[in-house]
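Q: Build me a model from this:
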Amino acid sequence: MAGKKNDADRTTPPPLPEPLAVPVADSHTHLDMQSGTPAEGLARAASVGVTTVVQVGCDVPGSQWAADLAARYPQVHAAVALHPNEAPRIFLGDPDDWSGRRRKPGGRDALDSALAEIDRLAALPQVLAVGETGLDYFRTGPEGVDLQKESFRRHIEIAKRHGKALVIHDRDAHEDVIALLLEEGAPERTVFHCYSGDAAMAKTCAEHGWYLSFAGPVTYKANHALREALTATPLDRVLIETDAPFLTPHPYRGRPNAPYLIPVTLRAMAAHLALAEDELATAIAANTARAFGYRPHPGDGPAR
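A: Take a look at the predicted model:
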(Lines give C-alpha, C1' and ligand atoms only; values in the text may rest on other atoms or scores of the structure.)
Protein backbone atom coordinates (compact mmCIF):
# COMPACT_ATOMS: atom_id res chain seq x y z
CA MET A 1 0.00 0.00 0.00
CA ALA A 2 2.87 2.37 0.77
CA GLY A 3 4.19 1.93 -2.77
CA LYS A 4 0.81 2.83 -4.25
CA LYS A 5 0.62 5.93 -2.09
CA ASN A 6 4.07 7.05 -3.25
CA ASP A 7 3.11 6.48 -6.87
CA ALA A 8 0.01 8.63 -6.36
CA ASP A 9 2.09 11.34 -4.71
CA ARG A 10 4.39 11.49 -7.73
CA THR A 11 1.47 12.21 -10.05
CA THR A 12 -0.34 14.68 -7.78
CA PRO A 13 0.37 18.33 -8.61
CA PRO A 14 1.75 20.32 -5.65
CA PRO A 15 -0.58 22.86 -4.02
CA LEU A 16 -0.67 26.51 -5.04
CA PRO A 17 1.90 28.53 -3.06
CA GLU A 18 1.17 31.87 -1.48
CA PRO A 19 1.05 34.53 -4.22
CA LEU A 20 3.99 36.85 -4.81
CA ALA A 21 3.34 40.52 -4.16
CA VAL A 22 5.64 41.48 -7.03
CA PRO A 23 4.84 39.68 -10.34
CA VAL A 24 7.66 37.76 -12.02
CA ALA A 25 8.27 35.73 -15.17
CA ASP A 26 9.03 32.05 -15.66
CA SER A 27 11.93 32.42 -18.09
CA HIS A 28 11.80 28.83 -19.37
CA THR A 29 8.88 26.43 -19.46
CA HIS A 30 7.32 23.75 -21.68
CA LEU A 31 3.55 24.15 -21.47
CA ASP A 32 3.14 21.64 -24.30
CA MET A 33 4.54 18.91 -22.02
CA GLN A 34 2.32 19.73 -19.03
CA SER A 35 -1.10 18.42 -18.09
CA GLY A 36 -4.17 20.56 -18.67
CA THR A 37 -4.59 23.29 -21.24
CA PRO A 38 -2.18 26.20 -21.67
CA ALA A 39 -4.97 28.58 -20.60
CA GLU A 40 -5.37 26.66 -17.35
CA GLY A 41 -1.62 26.64 -16.71
CA LEU A 42 -1.34 30.36 -17.40
CA ALA A 43 -4.28 31.13 -15.12
CA ARG A 44 -2.80 29.13 -12.23
CA ALA A 45 0.53 30.89 -12.71
CA ALA A 46 -1.06 34.33 -12.80
CA SER A 47 -3.02 33.58 -9.63
CA VAL A 48 0.27 33.38 -7.68
CA GLY A 49 2.03 36.29 -9.40
CA VAL A 50 3.74 34.55 -12.32
CA THR A 51 2.31 36.78 -15.03
CA THR A 52 4.71 36.09 -17.91
CA VAL A 53 6.21 32.89 -19.32
CA VAL A 54 8.74 32.06 -22.00
CA GLN A 55 7.53 28.99 -23.88
CA VAL A 56 10.53 27.12 -25.25
CA GLY A 57 10.67 24.88 -28.31
CA CYS A 58 13.03 21.91 -28.62
CA ASP A 59 12.34 20.84 -32.22
CA VAL A 60 10.53 22.20 -35.27
CA PRO A 61 6.98 21.15 -34.24
CA GLY A 62 7.53 22.36 -30.67
CA SER A 63 8.95 25.67 -31.88
CA GLN A 64 5.96 26.21 -34.18
CA TRP A 65 3.66 25.42 -31.23
CA ALA A 66 5.51 27.96 -29.07
CA ALA A 67 5.21 30.66 -31.73
CA ASP A 68 1.50 29.94 -32.21
CA LEU A 69 0.83 30.09 -28.45
CA ALA A 70 2.73 33.36 -28.08
CA ALA A 71 0.67 34.84 -30.92
CA ARG A 72 -2.50 34.07 -28.94
CA TYR A 73 -1.49 35.16 -25.43
CA PRO A 74 0.21 38.47 -24.65
CA GLN A 75 1.78 37.04 -21.49
CA VAL A 76 3.58 34.30 -23.47
CA HIS A 77 6.83 34.84 -25.36
CA ALA A 78 8.33 32.15 -27.57
CA ALA A 79 11.82 30.72 -27.94
CA VAL A 80 12.53 28.50 -30.94
CA ALA A 81 15.36 26.05 -31.61
CA LEU A 82 16.60 22.55 -32.13
CA HIS A 83 17.61 21.12 -28.75
CA PRO A 84 21.27 20.04 -28.73
CA ASN A 85 20.15 16.41 -28.70
CA GLU A 86 17.72 17.00 -31.55
CA ALA A 87 20.27 18.09 -34.17
CA PRO A 88 22.31 14.83 -34.26
CA ARG A 89 19.13 12.77 -34.21
CA ILE A 90 17.81 14.58 -37.27
CA PHE A 91 21.09 13.92 -39.09
CA LEU A 92 21.97 10.45 -37.75
CA GLY A 93 18.51 9.08 -36.96
CA ASP A 94 16.71 8.36 -33.72
CA PRO A 95 16.78 4.58 -33.12
CA ASP A 96 16.34 4.92 -29.34
CA ASP A 97 13.18 7.02 -29.80
CA TRP A 98 14.55 9.82 -27.55
CA SER A 99 12.43 12.42 -29.31
CA GLY A 100 9.28 10.31 -29.34
CA ARG A 101 9.44 9.98 -33.13
CA ARG A 102 11.51 7.09 -34.43
CA ARG A 103 13.34 8.50 -37.44
CA LYS A 104 15.73 7.19 -40.00
CA PRO A 105 18.91 9.17 -40.70
CA GLY A 106 18.00 12.40 -42.51
CA GLY A 107 21.51 13.59 -43.30
CA ARG A 108 22.58 17.08 -44.29
CA ASP A 109 19.39 17.99 -46.15
CA ALA A 110 17.15 17.22 -43.16
CA LEU A 111 19.29 19.22 -40.73
CA ASP A 112 19.53 22.18 -43.10
CA SER A 113 15.77 22.11 -43.63
CA ALA A 114 15.07 22.05 -39.89
CA LEU A 115 17.44 24.95 -39.24
CA ALA A 116 15.85 26.93 -42.06
CA GLU A 117 12.49 26.50 -40.35
CA ILE A 118 13.93 27.71 -37.04
CA ASP A 119 15.34 30.71 -38.91
CA ARG A 120 11.89 31.46 -40.34
CA LEU A 121 10.22 31.23 -36.94
CA ALA A 122 12.91 33.36 -35.29
CA ALA A 123 11.86 36.30 -37.48
CA LEU A 124 8.34 36.37 -35.99
CA PRO A 125 7.66 39.27 -33.59
CA GLN A 126 6.29 37.06 -30.81
CA VAL A 127 9.48 34.98 -30.87
CA LEU A 128 11.90 36.75 -28.53
CA ALA A 129 14.64 34.14 -28.29
CA VAL A 130 16.51 31.41 -30.11
CA GLY A 131 16.82 28.42 -27.82
CA GLU A 132 17.17 26.11 -26.20
CA THR A 133 20.41 25.46 -28.03
CA GLY A 134 23.89 24.62 -26.85
CA LEU A 135 25.71 21.39 -26.02
CA ASP A 136 24.65 18.26 -24.14
CA TYR A 137 27.26 15.57 -23.60
CA PHE A 138 25.10 13.55 -21.22
CA ARG A 139 22.66 12.00 -23.67
CA THR A 140 24.34 12.30 -27.08
CA GLY A 141 27.48 10.23 -27.63
CA PRO A 142 30.76 11.26 -29.27
CA GLU A 143 29.32 10.66 -32.74
CA GLY A 144 27.00 13.62 -32.25
CA VAL A 145 29.38 16.20 -30.78
CA ASP A 146 30.42 17.84 -34.03
CA LEU A 147 26.80 18.04 -35.18
CA GLN A 148 25.81 19.63 -31.87
CA LYS A 149 28.57 22.21 -32.25
CA GLU A 150 27.54 23.00 -35.81
CA SER A 151 23.91 23.40 -34.77
CA PHE A 152 24.93 25.62 -31.85
CA ARG A 153 26.99 27.87 -34.13
CA ARG A 154 24.13 28.21 -36.57
CA HIS A 155 21.67 29.07 -33.79
CA ILE A 156 24.05 31.77 -32.54
CA GLU A 157 24.13 33.25 -36.03
CA ILE A 158 20.33 33.16 -36.30
CA ALA A 159 19.92 34.89 -32.93
CA LYS A 160 22.36 37.65 -33.82
CA ARG A 161 20.92 38.22 -37.29
CA HIS A 162 17.38 38.56 -35.93
CA GLY A 163 18.39 40.50 -32.82
CA LYS A 164 16.91 37.88 -30.50
CA ALA A 165 18.12 36.57 -27.15
CA LEU A 166 20.03 33.27 -27.09
CA VAL A 167 18.92 30.57 -24.60
CA ILE A 168 21.66 28.09 -23.72
CA HIS A 169 21.22 24.43 -22.78
CA ASP A 170 24.49 23.32 -21.17
CA ARG A 171 24.77 19.82 -19.77
CA ASP A 172 28.17 18.36 -18.93
CA ALA A 173 29.72 20.75 -21.46
CA HIS A 174 30.59 23.94 -19.58
CA GLU A 175 34.04 24.59 -21.05
CA ASP A 176 33.02 23.87 -24.64
CA VAL A 177 29.87 26.01 -24.39
CA ILE A 178 31.83 29.03 -23.16
CA ALA A 179 34.63 28.49 -25.67
CA LEU A 180 32.20 28.31 -28.57
CA LEU A 181 30.27 31.39 -27.40
CA LEU A 182 33.52 33.38 -27.25
CA GLU A 183 34.70 32.01 -30.59
CA GLU A 184 31.47 32.85 -32.40
CA GLY A 185 30.67 36.00 -30.45
CA ALA A 186 27.68 35.64 -28.14
CA PRO A 187 24.56 37.71 -28.81
CA GLU A 188 24.19 40.81 -26.68
CA ARG A 189 21.52 39.02 -24.63
CA THR A 190 22.51 35.47 -23.70
CA VAL A 191 20.76 33.34 -21.07
CA PHE A 192 22.09 30.15 -19.47
CA HIS A 193 18.91 28.16 -18.87
CA CYS A 194 18.81 25.99 -15.73
CA TYR A 195 22.30 27.11 -14.76
CA SER A 196 24.35 24.15 -13.52
CA GLY A 197 27.90 25.50 -13.27
CA ASP A 198 29.90 26.52 -10.22
CA ALA A 199 30.70 29.92 -8.74
CA ALA A 200 33.83 30.37 -10.85
CA MET A 201 31.85 29.82 -14.04
CA ALA A 202 29.15 32.20 -12.79
CA LYS A 203 31.79 34.91 -12.40
CA THR A 204 33.03 34.25 -15.94
CA CYS A 205 29.49 34.54 -17.27
CA ALA A 206 28.98 37.77 -15.35
CA GLU A 207 32.14 39.24 -16.86
CA HIS A 208 30.55 38.81 -20.29
CA GLY A 209 27.16 40.15 -19.20
CA TRP A 210 25.36 36.82 -19.60
CA TYR A 211 22.23 36.01 -17.61
CA LEU A 212 21.96 32.93 -15.38
CA SER A 213 18.54 31.36 -14.87
CA PHE A 214 18.09 29.22 -11.76
CA ALA A 215 15.56 26.40 -11.51
CA GLY A 216 14.33 23.89 -8.93
CA PRO A 217 17.74 22.25 -8.36
CA VAL A 218 18.95 25.37 -6.52
CA THR A 219 16.53 24.31 -3.73
CA TYR A 220 17.89 20.76 -3.39
CA LYS A 221 19.76 20.17 -0.15
CA ALA A 222 22.90 18.67 -1.72
CA ASN A 223 23.40 21.45 -4.28
CA HIS A 224 25.69 23.68 -2.21
CA ALA A 225 27.86 24.54 -5.23
CA LEU A 226 24.83 25.74 -7.16
CA ARG A 227 23.81 28.04 -4.32
CA GLU A 228 27.37 29.35 -4.19
CA ALA A 229 27.02 30.13 -7.90
CA LEU A 230 23.81 32.02 -7.15
CA THR A 231 25.67 34.06 -4.51
CA ALA A 232 28.41 34.82 -7.05
CA THR A 233 25.96 36.04 -9.70
CA PRO A 234 25.32 39.81 -9.81
CA LEU A 235 21.72 40.53 -8.86
CA ASP A 236 21.07 42.21 -12.21
CA ARG A 237 21.91 38.97 -14.03
CA VAL A 238 19.70 36.54 -12.06
CA LEU A 239 16.64 34.95 -13.71
CA ILE A 240 14.30 32.22 -12.51
CA GLU A 241 12.55 29.37 -14.30
CA THR A 242 10.74 26.09 -13.83
CA ASP A 243 11.82 24.09 -16.90
CA ALA A 244 8.44 22.50 -16.19
CA PRO A 245 7.34 19.78 -16.18
CA PHE A 246 10.87 18.89 -15.04
CA LEU A 247 13.00 19.89 -12.01
CA THR A 248 10.25 20.50 -9.46
CA PRO A 249 11.58 22.43 -6.45
CA HIS A 250 11.90 21.06 -2.93
CA PRO A 251 9.79 19.92 -1.10
CA TYR A 252 7.85 18.68 -4.14
CA ARG A 253 10.74 17.07 -6.02
CA GLY A 254 9.51 14.18 -8.17
CA ARG A 255 6.01 15.62 -8.61
CA PRO A 256 4.77 17.52 -11.70
CA ASN A 257 6.27 20.97 -12.13
CA ALA A 258 4.48 24.00 -13.61
CA PRO A 259 4.98 27.78 -13.77
CA TYR A 260 2.80 28.34 -10.68
CA LEU A 261 5.62 26.86 -8.55
CA ILE A 262 8.04 29.71 -9.32
CA PRO A 263 7.28 31.30 -5.90
CA VAL A 264 8.66 28.20 -4.14
CA THR A 265 12.04 28.52 -5.85
CA LEU A 266 12.10 32.30 -5.55
CA ARG A 267 11.54 32.19 -1.80
CA ALA A 268 14.34 29.65 -1.37
CA MET A 269 16.66 31.85 -3.43
CA ALA A 270 15.72 34.97 -1.46
CA ALA A 271 16.37 33.17 1.84
CA HIS A 272 19.80 32.00 0.65
CA LEU A 273 20.74 35.50 -0.53
CA ALA A 274 19.33 37.11 2.62
CA LEU A 275 17.13 39.34 0.47
CA ALA A 276 13.54 40.35 0.97
CA GLU A 277 11.22 38.36 -1.28
CA ASP A 278 9.91 41.51 -2.96
CA GLU A 279 13.44 42.82 -3.61
CA LEU A 280 14.47 39.65 -5.41
CA ALA A 281 11.18 39.49 -7.34
CA THR A 282 11.57 43.10 -8.46
CA ALA A 283 15.09 42.43 -9.72
CA ILE A 284 14.11 39.21 -11.50
CA ALA A 285 11.12 40.85 -13.20
CA ALA A 286 13.31 43.65 -14.56
CA ASN A 287 16.12 41.27 -15.53
CA THR A 288 13.83 38.94 -17.48
CA ALA A 289 12.25 41.79 -19.42
CA ARG A 290 15.69 43.16 -20.25
CA ALA A 291 17.14 39.77 -21.19
CA PHE A 292 14.29 38.92 -23.58
CA GLY A 293 13.53 42.44 -24.73
CA TYR A 294 9.90 42.93 -23.71
CA ARG A 295 7.92 45.30 -21.54
CA PRO A 296 6.78 43.66 -18.28
CA HIS A 297 3.17 42.50 -18.56
CA PRO A 298 0.97 43.83 -15.74
CA GLY A 299 -1.20 40.75 -15.46
CA ASP A 300 -2.90 37.76 -16.96
CA GLY A 301 -4.62 39.31 -19.97
CA PRO A 302 -6.98 37.85 -22.54
CA ALA A 303 -6.05 35.75 -25.52
CA ARG A 304 -5.31 37.79 -28.61
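Q: Could you measure from residue 167 over to residue 43?
A: Going from residue 167 to residue 43 by C-beta to C-beta, to the nearest Å gives 25 Å. For the C-beta atoms, the positions are set from N, CA and C on the backbone; glycine is no exception.
Q: Settle it for me: which of these two has more neighbours?
A: residue 167 (31 against 13; other C-beta atoms under 10 Å).
Q: That one: which element?
A: Here residue 167 sits within strand 165-171, counting by DSSP states H and E.
Q: which residues sit against the helix or strand that that strand is followed by?
A: Beyond strand 165-171 in the direction of the C-terminus, DSSP H and E gives the next helix or strand as helix 174-184. For helix 174-184, contacts defined as C-beta atoms under 8 Å, 6 or more residues apart in numbering pick out 134-135, 137, 149, 152-153, 156-157, 168, 170, 190, 196-197, 201, 204-205, 208.
Q: if you set the cut-off to 7 Å instead, what comes out?
A: 134-135, 149, 152-153, 156, 168, 170, 190, 197, 201, 204 (C-beta atoms under 7 Å, 6 or more residues apart in numbering).
Q: Show me which residues of that helix are buried.
A: Neighbour counts over helix 174-184 (16 or more other C-beta atoms under 10 Å) mark 174, 176-178, 180-181 as buried.
Q: and that helix, what's its mean pLDDT?
A: Here helix 174-184 scores 98 as its mean pLDDT.
Q: Let me know the angle separating that helix from strand 165-171.
A: 150 degrees (axes from the mean of the first three to the mean of the last three C-alpha atoms, to 10 degrees).
Q: what about helix 174-184, distance to the chain center?
A: On the basis of C-alpha atoms, centre = their mean, to the nearest Å, helix 174-184 sits 19 Å off its chain's mean C-alpha point.
Q: Report whether residue 213 is found in a strand, as I expect.
A: Yes: under DSSP: H, G, I helix; E, B strand; the rest coil, residue 213 falls within a strand.
Q: What is the nearest of the buried residues of helix 174-184 to residue 231?
A: residue 174 (18.2 Å; C-beta to C-beta).
Q: quick one: that closest one from residue 202, how far?
A: From residue 174 to residue 202 the distance is 11 Å (C-beta to C-beta).
Q: what's the answer for residue 80, then?
A: For residue 80, the distance to residue 202 - C-beta to C-beta - is 27 Å.
Q: Same question for residue 260.
A: Taking C-beta to C-beta, one finds residue 260 at 27 Å from residue 202.
Q: next one: residue 191
A: 13 Å.
Q: what stretches of the chain score poorly on pLDDT?
A: Scanning the chain for pLDDT under 70 picks out 1-8, 95-101, 297-304.
Q: ok, 80 please
A: In the predicted model, the chain carries pLDDT under 80 at residues 1-9, 95-102, 296-304.
Q: can you list contacts of stretch 209-222?
A: Contacts of stretch 209-222 (C-beta under 7 Å, 6+ apart): 27-28, 186, 190-195, 202, 205, 223, 226-227, 230, 233, 237-243, 247-250, 253, 257, 265, 268-269, 287, 291.
Q: what are the ranges of the strands in the stretch 1-150 of the chain?
A: 24-29, 50-56, 76-80, 127-136 (DSSP state E, counting those that start in this stretch).
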